[in-house]
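# I'll drop the sequence and a predicted model, then ask my questions.
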Amino acid sequence: MADQKRVRAIGVRTLFFIISGIGCFLFLCPICALSASFDIQPIKIFFDTRTRAEKLLIRNQSGGDLSLLVKAFRWIQDGQGKDVYEDTSDIVFFPKILTLHKEEEKIIRIGINSPPGQAEKTYRIYVEEIPVNSVIPEGAAIRVLLKVGVPVFMKPVRADAKGNITSFQVQEGKARFKINNGGNLHFIITSLHVKGRDNEGKEIFSKEFGGWYLLGGASRTYETTIPVDICNKLSTLDITGKTDRFTLNSNTPVSKSMCTGGSN
């Protein structure tokens, strides 16, 4: 996943609903959704022993004034590889609240007061729109508030990037496997494919999973159901996982006994 120099903020995760009018439903009236927009540069921040301060450039692309709230969190992943955010004092920033007029640009200064460790330290800075009283055009039903997360990384003393695929098995018609980040750096899973072939080597099954960050020391389990008629014809399953650092591969043989509820 190639880094970009700028990102246009879009409405994600946070929705603020304002009902105004009768009979205006989102599935019937897509123009009822309103949102502001702003640009953030850069979309990632990297700190190390030499770089202890950075800045975010925010540009208001809305038609009017825009008020934003800035928050910082420690970013970890639980035993299932799901994101968890915790309050932190490691990241310092100013200002915490800012207002931008139309087309105006402002800078958020970011610093870190935590030294490098044996593992990469990961954080997220969230820039979110603050709701303000405004006139909603006639017929508008939804006001979408923006919330954009910028990843922040503190490089470890010595980098060690590695990963592998384990626990690959087919049982009761379901393929399961785990991707492990055994290193001390994050990587991004950019593509993940499971393909099944029959005895003649013909591809008869394919499943693609979405990608995301996998932080150092974290693991994530994936599962997919294989239709019984296809599973009974499979000879092998292959996994190819591409990341922004390396490619992971694994395979496992498949037999008919793995395709029904009676398998062990």
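Yes, it's here.

# which SSE is the closest residue in space to residue 76 that isn't next to it in sequence in?
Spatial nearest neighbour of residue 76, excluding adjacent residues (C-beta to C-beta, 6 or more residues apart in numbering): residue 84 at 5.1 Å. For the C-beta atoms, the positions are set from N, CA and C on the backbone; glycine is no exception. Secondary-structure assignment from DSSP states H and E places residue 84 in strand 83-87.

# Show me what secondary structure element comes after that strand.
strand 91-94.

# Quick check: what element follows that next one along the chain?
strand 97-100.

# List the neighbouring strands of the helix or strand following that following strand plus their orientation.
Helices and strands here follow DSSP H and E; after strand 97-100, the next one along the chain is strand 105-112. Sheet pairing of strand 105-112 (DSSP bridges) gives strand 53-60 (antiparallel), strand 91-94 (antiparallel).

# Look at the residue nearest to residue 76 and say how many residues are nearby.
Neighbours of residue 84 under the rule other C-beta atoms under 10 Å: 10.

# where's residue 48 relative to residue 156, distance?
Residue 48 is 9 Å from residue 156, where distance means C-beta to C-beta, to the nearest Å.

# my bad, residue 106
Distance from residue 106 to residue 156, by C-beta to C-beta: 32 Å.

# Could you do residue 42 as well?
21 Å.

# And residue 177, by the same measure?
27 Å.

# Looking at the two, which has the bigger crowd around it?
Neighbour count, other C-beta under 10 Å: between residue 177 and residue 156, residue 177 has more, with 22 against 18.

# Report the beta-bridge partner residues of the nearest residue to residue 121 once chain neighbours are set aside.
When the adjacent residues along the chain are set aside, residue 121 lies closest to residue 154, with 3.9 Å between them (C-beta to C-beta, 6+ apart). Beta bridges link residue 154 to residue 47, residue 121, judged by DSSP bridges.

# Could I get the contacting residues of residue 154?
Taking C-beta atoms under 8 Å, 6 or more residues apart in numbering, we find residue 154 in contact with 47, 48, 112, 114, 116, 117, 120, 121, 122, 123.

# pLDDT score for the nearest residue to residue 94 once chain neighbours are set aside?
Distances taken as C-beta to C-beta, 6+ apart place residue 109 nearest to residue 94, at 5.3 Å, with adjacent residues excluded. Per-residue confidence (pLDDT) for residue 109: 97.

# Tell me who's in contact with residue 109.
Residue 109 neighbours (C-beta under 8 Å, 6+ apart): 53, 54, 55, 93, 94.

# That one bridge partners, please.
residue 55, residue 94.

# Can you check which residues contact both of residue 48 and residue 156?
residue 116.

# where does the stretch 151-264 of the chain dip in pLDDT?
Across the stretch 151-264 of the chain, the ranges flagged by pLDDT under 70 are 262-264.

# And the strands in it, which stretches?
Taking DSSP state E, counting those that start in this stretch to define them, one finds strands in the stretch 151-264 of the chain at 163-171, 174-181, 187-197, 203-209, 213-214, 219-225, 236-243, 247-253.

# The chain - how does it break down into domains?
7-154, 163-258 (automatic domain parsing).

# From the chain's centroid, how far away is the last one?
Domain 163-258 has its C-alpha centroid displaced from the chain centroid by 20 Å (C-alpha atoms, centre = their mean, to the nearest Å).

# quick one: terminal-to-terminal distance for that domain?
27 Å (C-alpha to C-alpha, to the nearest Å).

# Can you report how many residues neighbour residue 238?
15.

# go on, the one 3 residues further on?
Neighbouring residues of residue 241 were enumerated by other C-beta under 10 Å; the total is 25.

# wait, what's in contact with it?
165, 179, 189, 191, 192, 193, 247, 248, 249 are the contacts of residue 241 under C-beta under 8 Å, 6+ apart.
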